[in-house]
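> Predicted model and sequence below, questions to follow.
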Amino acid sequence: MKIAVLVKQVPAVDTVKIDEKTGTMIRDGVDAELNPLDLHAVEAAVRIKEARQDASITAISMGPMTAQKAVRYAIAMGADDGLLLSDRKFGGADTLATARTLARAIKKAGPFDLLLAGERATDGETGQVGPACAELLGASVLSYVSAIEELSGEKVRVVRAVEGGHETVEAKLPAMVIPVKEMNVPRLCTLSGKLRAKKADVEILTADDISMAAEETGLTGSATQVVNVTYPKVTRCGRRIAAADGIDAAIGEIMKIFEDKNCLEKAEAV
Amino acid sequence: MSAEVWTLAEVRGGKIHPVSRELLAWGKELADALGAPLASVVVGSGIKEQSASLAAYGADKVYVADAPEFENFKADITSATLAEMIEKYKPSILIASATTQGRTVMPMLSSRIGCGLTADCTELAIDRESKRLIQTRPAIGGNVMADIKTKGRDPQMCTVRPKSKRPLSPDASRECETIEFAPKKELLESLVKFIKFEAEKSVGLPLQEAEIIVSGGKGMKNAKNFARLEELARLLGGSVGASRMAVDLGWAPYSAQVGLSGKSVTPRLYLAFGISGAVQHIAGMSGAETIVAVNQDPEAPIFRVADLAVQGDAMEMLGGLIEAVKKYKGLR
Amino acid sequence: MGYGSLTKEIFEELASAVGRAAAIIDADALENYAYDQAGRVWGHMPEAVVRPRNTEQVSSVMKIASKYRIPVTPRGAGSGLNGGAVPLAGGVVLSLERMNKILEIDKINRVAVVEPGVVTNDLCRAAAAEGFLYAGYPMSTETSFIGGNFATNAGGGKVIRYGSTRRHVLGAEVVLASGEILHLGGRFRKDTWGYSLLNLLAGSEGTLAIATKLIVNLEPKPGKVVNLLACYPDVEKLVESVAKVIGSGRRIISCEFMDRNLVKYTTEYLGCALPEQERSEGYLLIQVEGDTDEQLEEGYETVGKICLEGGAFEVFVAESRTDSAAMWNVRQNGLEGMRARDPYACASGDLMVPLSAVPEMLRRIKRISGEWNVEIGIISHIGDGNLHPIPLKPEGMTPERWASYAEEFFSALINEAISLGGVGSGEHGVGHVKQKVLTENKTPAELEIMRGIKKAFDPQNILNPGKMFFKLQ
């Protein structure tokens, strides 16, 4: 069984700080990391590999050459090899152009039986690339997956976390499985995994390598473009109180809000 | 007359979900600005009669694709059907909700028909000169708002967050034209087979519908403390939310996560216990009517968006509040 | 000599010195100031609490106290583990919680000027925001105050790289028992201008003076770090690795040990898991630093290989904040984890031995806890030979009996540590919990000097009486 996991390198969002005067992002000292939600996709792939003898995992990414780090991280977790699409022509791609480019590379490197992708990247926050890419490959799309219940050579049965509950569905392979966080706890990398990843082959593919014309990819191939950027300031700066100056007073203040908002009428008896 | 503005109605469990009405409120402004008709597309099974109810919320037309194959939402055949309908009727704009359905089917449609798609818009407007759609969405953890235009082929497509606009007041006197669309048989063969659905047993309403949310973060210290949030939520008739950190630590399920990588909520009252307020969390809850935050750290960013900022120990305050509410209700 | 009693009139005088709202006499409110993290069984009720806002108010309080000979116990966050902030003689607790401002980050002199009630982690954050490092890192950074760190000469998880709090404090403004204000040291790093009273005050547990302002050293911004978690099938092997890791010459910031019990109870409490928990007898948590990616990589690979060659069956690597937090979460919550298992888990174990004696010390801890029939979990800054065995109360024993039993148990351990060339406390201090064993183990000559110093600073013995060397009369 051939498995491909789509991964992305993102700035470590938790460390992003905004310059309050100019409203711009302070990029100094912001580390890059493998998109946290992709970790669940990699983990799912590695668990499948651990359960079956015949599986191999390829981590696939698109980005600058430094994004090799993200691909190698996936290898350190247990992927076999990696593939990075890196070319200036890919720069500035929207989700549609990205999906198109990835799909082309996956076709070239494949066929794959199972595709996995993170729910969304913490930088772009769109979650569109996975389903868009799968559609181009003719793969079934299983999004918001909280558990893989069964996997055979032909089909996969999953549980999807949707509004108000969990849905169980079955799909033919090839399929794109997009996990949500609750599917698994991603493993920590081992030192031996790290050492293996350092030496592993990460194939670099350019636009020419996948016969991608400039107008199909990157900024030129994108159907959406950013025309303006603003920096909102979310502040209310309401009243401040310190519990240290009297916890009962603080509780009283909140109780007043409960009353104002009629929260105490609805309260159920316990 | 300009090409139509479409909204993708959402069908859950055989019923048109109220989020479909919100989409019409979004679409109405755009249709008016363009002088174009507003239409809703309904894809479902046995859904035709309900579809007309969308007229009251602003739909001039409804396009209905009604087939037994649509009984449980299937993204692939929905995407294929929408592609056919778009090919035939050529709308200028298509808006869907950023639900698990919309977020799945819309990107598939986007690559199927080669049209751009903008996720999670918070504002939509029509550019006066070009008459093109300007889609505004948060980026970089909500620190930046990007205005996005779609070039090339129409429709211009986007998803918007549920609960980010109120539906128009219903006008029962309104009527709409219903246009039935029968998809080709081969388009109705899904690769996905529905097996079963199990409804979630959670405290209170789903987060996005909750009017009161009691939320907790890392400051709750451990899973056991975190569980006490439920007690207060139950007393207030609210739901429990969580920061990304609390979910990462396994104290709360992912379905409780509030923030950009979780749910965007707009309750009347949001109580944040021990949540420092990372930008990505604030982006998901700053639309609440009233925000009360309890945190030990006087510099916690959440205090900047709070109407009432209490500097203090989250557990101590939580315990005190539970007692106070019980006492108020005479339940002790 | 007895103490004066705290009359209503004296309380009024105190209240007018600090402001009515900042003086407490209500019994319910006093309760919060009666004990520290050593636990309630070690507590004692104060008669009043004052919460001054500035140095002048502290000075006024001390003038009133010395006039009437009222004992005064200074208190920081109350996160101490040996009863140092417990008002044994009653009297007044002087809480520094409202003196909590970071007054200045002075980039030219590379120091921060802070009030004693600043939470250590807030100082760390403020320093980091300006591109510096405050290197003090007691494991309770989210609660402990910088003033308490100074009073106990707190250590913590970065001592092997940066030293204890004493090394970070360059100057202090202190109030003496008489109310007089002294300025010691300053915004500089050399000082041979007389005896170093500043160094003496670090670790004096509020028995000599009350610090009202501290000038602390800021380090240049540190390099990047990677955390390693090494899992060992047996503790002896783990300890052997520690010496090799420390001796590798790589930049080790922290080298921490957690034993099986501690990890078990803490992960149960936190609702999480560490990898390989089933077959690990102990974990090493090692933080390696590097200025460049290459240096960092070389550093952690070298250290990781030492662990693997030394018998670890797996070494995990955390580069991201999330992964690092997953590893450190268990370490930082170790005490709470043991207390969740048993609220009487005793936290005052703070044995200090030379690194070379750690294997033998661990053997003795194991033997003695067996003999005393006490279940323990061990958490340790093992890289500098500092061990915190945390015993659980044996089933059926009353809390009162346990207080003395645990004290005797620790005395036995401390005697072993001393016989191995160590001391009875590395970072938590003496308080009153370890007073007996301390005085038994110091020579009369040393005790004599210590008592002389105390008398020079506090002739009426009103500052934190009953602590360290000085029994309550």
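Received, thanks.
> What residues does chain C have near chain B?
Where proximity means C-beta under 8 Å from any C-beta of the partner chain, the interface of chain C facing chain B comprises C:122, C:125, C:142, C:269-272, C:322, C:329, C:333, C:336, C:340. All C-beta spots, glycine's among them, are computed from the backbone N, C-alpha and C.
> just the buried members of the residues you listed?
With burial judged by 16 or more other C-beta atoms under 10 Å in any protein chain shown, the buried subset of the residues of chain C next to chain B is C:122, C:142, C:269-270, C:272, C:322, C:329, C:333, C:336, C:340.
> would you list those residues in a markdown table and tack on pLDDT?
Below are these laid out as a markdown table (pLDDT from 0 to 100):
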| residue | pLDDT |
| --- | --- |
| C:Asp122 | 88 |
| C:Glu142 | 70 |
| C:Tyr269 | 86 |
| C:Leu270 | 84 |
| C:Cys272 | 84 |
| C:Thr322 | 79 |
| C:Asn329 | 88 |
| C:Asn333 | 87 |
| C:Glu336 | 86 |
| C:Ala340 | 87 |
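> Which ones among these also lie next to chain A?
Among those, proximity to chain A is found for C:Thr322 (C-beta under 8 Å from any C-beta).
> Columns secondary structure on top of the buried ones among the residues of chain C next to chain B, output as a markdown table?
Converted to a markdown table, those look like this (DSSP: H, G, I helix; E, B strand; the rest coil):
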| residue | secondary structure |
| --- | --- |
| C:Asp122 | helix |
| C:Glu142 | coil |
| C:Tyr269 | helix |
| C:Leu270 | helix |
| C:Cys272 | coil |
| C:Thr322 | helix |
| C:Asn329 | helix |
| C:Asn333 | coil |
| C:Glu336 | helix |
| C:Ala340 | helix |
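> Which one of the buried ones among the residues of chain C next to chain B is nearest to C:Gln57?
Using C-beta to C-beta, C:Asp122 comes nearest to C:Gln57 of these, at 22.0 Å.
> isn't that closest one right up against B:Glu299?
Yes - counting by C-beta atoms under 8 Å, C:Asp122 does reach B:Glu299; the two are 7.2 Å apart.
> hmm, back to that, kindly reformat the residues of chain C next to chain B as CSV containing distance to C:His428.
Shown next, in CSV, are these (distance: C-beta to C-beta, whole Å):
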residue, distance to C:His428
C:Asp122, 22
C:Arg125, 24
C:Glu142, 17
C:Tyr269, 21
C:Leu270, 23
C:Gly271, 28
C:Cys272, 26
C:Thr322, 31
C:Asn329, 22
C:Asn333, 17
C:Glu336, 16
C:Ala340, 20
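> got the residues of chain A near chain C?
Proximity of chain A to chain C, by C-beta under 8 Å from any C-beta, involves residues A:12, A:14-15, A:31, A:33, A:36, A:76, A:187-195, A:244-245.
> Report the buried members of the residues you listed.
With burial judged by 16+ other C-beta under 10 Å, the buried subset of these is A:12, A:14, A:33, A:36, A:76, A:187-191, A:193-194.
> And residue 267, what's its pLDDT?
If you meant another chain, say so; for now it's chain A. The per-residue pLDDT reported for A:Ala267 equals 48.
> um, chain C though
On the pLDDT scale, C:Thr267 is placed at 93.
> likewise B:Met145?
81.
> Could you list the low-confidence segments of the stretch 1-150 of chain C?
Judged by pLDDT under 70, the stretch 1-150 of chain C has its weakly predicted residues at C:1, C:140-141.
> pretty sure B:Glu289 contacts B:Ile213?
No - at 11.1 Å, B:Glu289 does not count as touching B:Ile213 under the criterion of C-beta under 8 Å.
> who has more neighbours, these two?
Higher neighbour count among B:Glu289 and B:Ile213: B:Ile213, with 31 against 12, using other C-beta atoms under 10 Å in any protein chain shown.
> Next, that one: secondary structure please.
Judged by three-state DSSP, the three-state class of B:Ile213 is strand.
> wait, doesn't it sit right on B:Tyr270?
Yes - with contact defined as C-beta under 8 Å, B:Ile213 counts as touching B:Tyr270 (5.1 Å).
> Quickly list what's touching both of those two.
Contact criterion C-beta atoms under 8 Å, 6 or more residues apart in numbering or on different chains; residues shared by B:Ile213 and B:Tyr270: B:241, B:285, B:288.
> Quick check: buried residues in stretch B:144-158?
The neighbour-count check on stretch B:144-158 (16+ other C-beta under 10 Å) flags B:144-150, B:154-158 as buried.
> Repeat that for stretch A:170-188.
Along stretch A:170-188, these residues count as buried under the neighbour rule (16+ other C-beta under 10 Å): A:170-171, A:173-184, A:186-188.
> Which strands or helices does the strand or helix carrying C:Val225 pack on?
Using DSSP states H and E, C:Val225 maps to strand C:224-232. Judged by 3 or more C-beta pairs under 8 Å, 6 or more residues apart in numbering or on different chains; DSSP states H and E, the packing partners of strand C:224-232 are helix C:235-246, strand C:282-290, helix C:293-309, strand C:314-318, helix C:321-332.
> Report whether the third one contacts chain A.
Yes - residues of helix C:293-309 contacting chain A under C-beta under 8 Å from any C-beta: C:300-301, C:304-305, C:308.
> and what of the fourth one?
Yes - part of strand C:314-318 sits near chain A under the criterion C-beta under 8 Å from any C-beta, namely C:314-318.
> Would you check which pair of those residues lies furthest apart?
C:Glu314 and C:Ala318 (13.3 Å).
> Mind checking which of the two has more residues around it?
Shown here are C:Glu314 and C:Ala318; by other C-beta under 10 Å, C:Ala318 has more neighbours (22 against 19).
> The more buried one contacts C:Ala326, doesn't it?
Yes - counting by C-beta under 8 Å, C:Ala318 touches C:Ala326, with 7.1 Å between them.
> related to what we said a few turns ago, take the residues of helix C:293-309 next to chain A and write them to JSON lines, including distance to A:Asn262, pLDDT and neighbour count.
Shown next, in JSON lines, are these (distance: C-beta to C-beta, whole Å; pLDDT from 0 to 100; neighbours: other C-beta atoms under 10 Å in any protein chain shown):
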{"residue": "C:Tyr300", "distance to A:Asn262": "56", "pLDDT": "97", "neighbour count": "26"}
{"residue": "C:Glu301", "distance to A:Asn262": "61", "pLDDT": "97", "neighbour count": "20"}
{"residue": "C:Gly304", "distance to A:Asn262": "59", "pLDDT": "97", "neighbour count": "27"}
{"residue": "C:Lys305", "distance to A:Asn262": "64", "pLDDT": "97", "neighbour count": "16"}
{"residue": "C:Leu308", "distance to A:Asn262": "62", "pLDDT": "97", "neighbour count": "17"}
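> pLDDT weak spots in chain A?
Within chain A, the stretches with pLDDT under 70 are A:13-30, A:232-235, A:237, A:265-270.
> ok, back up a step: and of the helices and strands packed on strand C:224-232, who's closest to C:Met45?
Here helix C:321-332 is closest among the helices and strands packed on strand C:224-232 (C-beta to C-beta), at 31.0 Å.
> Now do the closest one: which elements does it pack against?
If you count contacts as 3+ C-beta pairs under 8 Å, 6+ apart, helix C:321-332 packs onto strand C:224-232, strand C:252-259, helix C:260-270, strand C:282-290, strand C:314-318.
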